[in-house]
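Engineer: Here is my input, please return the structure:
(chains A and B)
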Amino acid sequence: MSRALLWLYTIGGGLGLAAAIALTLEKIAKLTDPTHVPICSLNPVISCGSVMDSAQAAAFGFPNPLIGIAAFAVVVTTGVAGLAGFQPPRWYQVGLAAGTTFGVVFVHWLIASSLYDIHALCPYCLVVWIVTIPLFWYTALATWPVLAPLRKVHSAVLALWYVVIVVLVLIAFWDYWTSLFA
Amino acid sequence: MPSKDRSSAAARRGLSLNVILTAVVVVVATAVIAAVLLAGRPDTAGGSTNETLRPPGSHTLSQGAGDEVTVVEFLDFQCPACASFYTNVTKKLEQDYMGRFTFVPRHFPLLSHPLAVPAARAAEAAGKQGKYAQMYHALYDEYASWALTEDGKSTSDDLARATARFEAFATAAGLDLARFRVDVAAPEVQAIVDQDIADGRELGVDSTPTFFINGEKFQPRGSTAAEVDRELRAKIDAGTTG
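Structural biologist: Take a look at the predicted model:
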């Protein structure tokens, strides 16, 4: 694994971990006090509250951020261990690729839910979206030889990916964004 | 070594291609998005604010005789805060100041409330038979029976249950139910709701309830219903000469 990838694991995984912890703490605060308004609920569009209260926020019967805490911790650990000299065997790398693939599929399902079902954006969730995509993409590039031709345009693919999501977010909340510019 | 030179040259070319493509994607996307956002900016210069606030044909829950204070409320029938404002503030205002101020309710259904648009259509359909006020009051007085889930803990998305309630309100108000059903589904009723939403956005409404007093957005200093009620009454008293 390249050092760049290991730094991505450490920093990206760390951001994801922080967001998952913040979401879990907000969830606990809300369970303790049902009237609690999360600090990330700013208005009808930027609202952790409506996202956290949705059915999709507990896709497997328990709050999603618990998955994030476990999974991002593994990513951070891999990054730090790699920077410290750990050279993972192939099966470990394949496991990471499988894990980040699950993560990226899950995140896109959550994006679709947020945009088209819940109609609200949650800033902590945005952090998870933003870090999960490169974690998946660069792990896949490093793991699967079939993707080798795309290594030459690695960040262009990532940029295009982000642009598509930004455009979908803009379209889904068009009236909100235009009202900001009015 | 030639082979090494080739590979490092290829790496340089690959890197620059990647950097160029990345930059192109980012720059083009930013430019296009900025252009579309700026072009789509609502034109605030054109159009009379008076008509935007209170278009011809809008409903009034209280009609002042002369130049008394006009309160315009952008509301969402399913929004819990609006229902609470109704119970604690506007319903009492209507009773206490009936005929001494003009009160114009406008629709601003939020996307997060799946039954807000059907409720707005029900109110407008009742309005077609001259019973807007009755439906408005029924929707808020009986809020829990259609807007909330059975356990009362969150907003409902049960359209069938809400529709049955709306039709019961219509019957209780003495409406022709067959006509009410036709009107609820009519495009012109949806058009009224859409116009209200468009006007609200043009006026900078981004949450409900939002009040305008004599055309000016009302921003209460207090947050409790009692404080807001006091501020609203003071404003109406100040503008009411009679």
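
Engineer: Nearest to chain A: which residue in chain B?
Structural biologist: Residue of chain B nearest chain A, by Cβ to the nearest Cβ: B:Leu21 (3.5 Å). Every C-beta, even on glycine, is put in place using the N, C-alpha and C of the backbone.

Engineer: mind listing what that residue touches?
Structural biologist: Listed by Cβ atoms under 8 Å, 6 or more residues apart in numbering or on different chains, the contact set of B:Leu21 reads A:Val153, A:Ala156, A:Ala159.

Engineer: So which of these would count as near chain B as well?
Structural biologist: Among the contacts of B:Leu21, the residues that sit close to chain B (Cβ under 8 Å from any Cβ of the partner chain) are A:Val153, A:Ala156, A:Ala159.

Engineer: can you pull the pLDDT of A:Ala148?
Structural biologist: The model reports A:Ala148 with a pLDDT of 92.

Engineer: quick one: contacts for it?
Structural biologist: So A:Ala148 contacts nothing (Cβ under 8 Å, 6+ apart).

Engineer: what do you get for A:Leu8?
Structural biologist: A:Leu8 neighbours (Cβ under 8 Å, 6+ apart): A:Gly79, A:Pro134, A:Leu135, A:Tyr138.

Engineer: Go again with 7 Å.
Structural biologist: By Cβ atoms under 7 Å, 6 or more residues apart in numbering or on different chains, the contact set of A:Leu8 is A:Pro134, A:Leu135, A:Tyr138.

Engineer: same thing with B:Val193?
Structural biologist: Contacts of B:Val193 (Cβ under 7 Å, 6+ apart): B:His107, B:Pro109, B:Val117, B:Ala120, B:Arg121, B:Glu124.

Engineer: Specify which member of the residues you listed is nearest to B:Val184.
Structural biologist: Nearest to B:Val184 out of those is B:Arg121 (Cβ to Cβ; 5.1 Å).

Engineer: hang on, the closest one in a helix?
Structural biologist: Yes - assessed by DSSP: H, G, I helix; E, B strand; the rest coil, B:Arg121 belongs to a helix.

Engineer: how close does it get to B:Phe77?
Structural biologist: 10 Å (Cβ to Cβ, to the nearest Å).

Engineer: Also B:Asp206?
Structural biologist: When distance is defined by Cβ to Cβ, B:Asp206 is 18 Å away from B:Phe77.

Engineer: out of those two, which sits in the busier spot?
Structural biologist: Remark: of B:Asp206 and B:Phe77, B:Phe77 carries more neighbours, 29 against 17, as counted by other Cβ atoms under 10 Å in any protein chain shown.

Engineer: my guess is the more buried one meets B:Ala120, correct?
Structural biologist: Yes - using Cβ atoms under 7 Å, B:Phe77 is in contact with B:Ala120, at 6.2 Å.

Engineer: check which helix or strand covers the residue nearest the centre of chain A.
Structural biologist: Centroid check for chain A by Cα atoms, centre = their mean gives A:Val128 as the closest residue, at 2.4 Å. Under the criterion of DSSP states H and E, A:Val128 resides in helix A:123-143.

Engineer: Distance from the chain centre to that helix, please.
Structural biologist: 6 Å (Cα atoms, centre = their mean, to the nearest Å).

Engineer: Show the subsequent helix or strand relative to it.
Structural biologist: helix A:154-172.

Engineer: ok, residues contacting that next one?
Structural biologist: Helix A:154-172 has contacts (Cβ under 7 Å, 6+ apart) with A:111, A:115-116, A:133-134, A:137, A:141, A:150, A:177, B:18, B:21-22, B:25-26, B:29, B:33.

Engineer: can you check stretch B:229-241 too?
Structural biologist: Outside stretch B:229-241, the residues that reach it (Cβ under 7 Å, 6+ apart) are B:68-69, B:88-89, B:93, B:97, B:100-101, B:213-214, B:220-222.

Engineer: Quick one: the residues you listed as CSV, columns for secondary structure too.
Structural biologist: What follows is the contacts of stretch B:229-241, written out as CSV (three-state DSSP):
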residue, secondary structure
B:Glu68, coil
B:Val69, coil
B:Asn88, helix
B:Val89, helix
B:Leu93, helix
B:Tyr97, helix
B:Arg100, coil
B:Phe101, coil
B:Ile213, strand
B:Asn214, coil
B:Pro220, coil
B:Arg221, coil
B:Gly222, coil
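
Engineer: what's around the closest residue to B:His137 other than its chain neighbours, how many residues?
Structural biologist: Counting by Cβ to Cβ, 6 or more residues apart in numbering or on different chains, B:Lys91 is the residue found nearest to B:His137 once chain neighbours are left out, at 7.8 Å. The burial count assigned to B:Lys91 is 15, neighbours taken as other Cβ under 10 Å.

Engineer: Quick check: buried residues in the helix or strand hosting B:Lys91?
Structural biologist: Per DSSP H and E, B:Lys91 falls inside helix B:91-97. For helix B:91-97, the neighbour count (16 or more other Cβ atoms under 10 Å in any protein chain shown) marks B:Leu93, B:Glu94, B:Tyr97 as buried.

Engineer: what about the last one, distance to A:Leu15?
Structural biologist: The span separating B:Tyr97 from A:Leu15 equals 54 Å under the rule Cβ to Cβ.

Engineer: go on, the first one?
Structural biologist: In this view, B:Leu93 and A:Leu15 are 49 Å apart by Cβ to Cβ.

Engineer: okay, which residue is most central for chain B?
Structural biologist: Nearest to the mean C-alpha position of chain B, counting by Cα atoms, centre = their mean, stands B:Phe108 at 1.2 Å.

Engineer: In contact with it, which residues are there?
Structural biologist: Counted by Cβ under 7 Å, 6+ apart, B:Phe108 has contacts B:Phe74, B:Leu75, B:Asp76, B:Asp196, B:Ile197, B:Gly200, B:Val205, B:Thr208.

Engineer: Lovely, talk soon.
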